[in-house]
Structure formats: C-alpha cells, structure tokens
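# Here is my input; please provide its structure:
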Amino acid sequence: MKFAQPLIPAILVRRYKRFLADVTLEDGREVTAHCANPGGMLGLKEPGSRIWLEPNNNPKRKLRFSWKLIELPDGHLAGIDTMVPNVVVGEALRAQKIPELANYSTIKPEVKYGKSSRIDFLLTQEGLPDTFIEVKNVHFRRKGDWAEFPDSVTARGAKHLAELSDMVEQGHRAIMLYLVQRTDCARFKLAEDYDPTYAKAYQKAREAGVEMLCYATSLSPSGIHLSHSLPVD
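Sure, this is the predicted structure:
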C-alpha cells in the first residue's frame, strides 16, 4: 500500500478525543490531525514523539493531515491507522502473497455473514471450502519482541471469534489474521490480562478449528506492505 501523498514529519503535541491529535509541523505551525485509531494506543502517543502525516487537499475534509506513522525510541516505526491492515491484506491476497491463501482466485471484501456482521474477506475457489477471514490490527508491545493483542477490552473482537467458529462448524474454513504494524516485533501472543474474555474466546475458537495467522509489515514514509509470517504463541 503506497500512501496517496508523500508523508511529512511532525512532532506530536497530544492525542485526544480518540480521533484527534495536535502536532507541530516542521515550519513551526501547530495543527490538528486526524488520528484513525479508536484504541488505547499504549506506548504510541507520547508527547514529543516524531510522527509522520499524510497531507490532503480535499476541500470536503475538515482536517488537512492524517497521522500514519510514529517513530519509536529505538529507531523502529509503528503504524497507527487501523484502516490500513485491511488495505494491506487485500493487496496481498490479490497478489497471492499469503502462502496459506494463495490458491483462491475470488476475493470479496465486506461480505455479510453471522449475526449482523461483515467478514473482512471471503475467499472462494472451486474445489476448496469457502474461507472467511477476519483481520485485526496489532501495534501493542510491552516486553522483548512480542507483539500483543488486544490493548483494551474488545467485546466486538470476541464476537468475531465466535462467528468464525460458527463458520467452521458449517463446514467452511475460518481464519483470524493479526497484522502487526510495527517493525520491532518477531512473534505474537495474546495480552490476556487486558481482556480475559477475549482470551477465552480465542482459545475456544482455536479449539473449534479457527486458524490463527500473524504477519509482519514493512513500514516507511512511502508505504506499508505485508512482510513475513510471525509465530503465534
């Protein structure tokens, strides 16, 4: 996924009201940027951090900048836009870059299923079971090189796991794909202490036959792309 406009650097002043961030541009101007992330963003919203913004010239948009990346203290990058994973995974599926899913020719996004839900991707191929894929954004890290999910309570996430389990019971294939938007992680596990209910739903889904995949991303001010698979604890 290439960014529509070249990103520009800025300094984070504060992130607030979930979707807003005050930032200082290189020319000294302080502006408000859109922050496409309703989560806790633990460890990714420290004032004074160097961040990267995507400018836009759309007169219909109230805010002229969107926050996309943050530079971490050790020189790594993290993506904060929770809309990015579906774009990245969609591109990778169409390019057959995910080995576990490379045999499917028809890829449909946002298909209705379950109980008033939409699956992120439905893959179909003659001779193969229909495959339902839910994508989750991951950018939480506490210790070592572990990426963790979730960083807050997610009842919606637990619901998705239950619905994927239902698809397996109906004879389909179901996959929960965790996409890690940071470059300092080499493996994935659940943050069970942040949401024990989600952890129980995860274990139940895994036992039901839901496949758990995790992929890393390569991040730069020019774009974000699927990289390599990461082991799931």
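# and stretch 196-205, how far out from the chain's middle?
19 Å (C-alpha atoms, centre = their mean, to the nearest Å).
# if we look at it, which residues are touching it?
Stretch 196-205 is touched from outside by 150, 153-155, 157-158, 161-162, 164-165, 174, 176, 190, 192, 212, with contacts defined as C-beta atoms under 8 Å, 6 or more residues apart in numbering. All C-beta spots, glycine's among them, are computed from the backbone N, C-alpha and C.
# Buried residues in stretch 32-51, which are they?
For stretch 32-51, burial by neighbour count (16 or more other C-beta atoms under 10 Å) applies to Thr32, Ala33, His34, Cys35, Asn37, Gly39, Met41, Gly43, Leu44, Lys45, Ser49, Ile51.
# Looking at the closest residue to the second one other than its chain neighbours now. What's its pLDDT?
What sits nearest to Ala33 in space, not counting adjacent residues and going by C-beta to C-beta, 6 or more residues apart in numbering, is Phe65, at 4.1 Å. As summarised for this prediction, Phe65 has a pLDDT of 97.
# Any idea what Phe65 is bridged to?
Beta-bridge partners of Phe65, counted by DSSP bridges, are Pro55.
# give me the number of residues near it?
21 (other C-beta atoms under 10 Å).
# Isn't it up against His34?
Yes. Checked against C-beta atoms under 8 Å, the pair Phe65 and His34 is within contact range at 7.0 Å.
# returning to that earlier point: from the contacts of stretch 196-205, list the buried ones, please.
Judged by 16+ other C-beta under 10 Å, buried ones among those: Pro150, Thr154, Gly157, Ala158, Leu161, Leu164, Ser165, Ala174, Met176, Leu190, Met212.
# Nice, that's everything, thank you.
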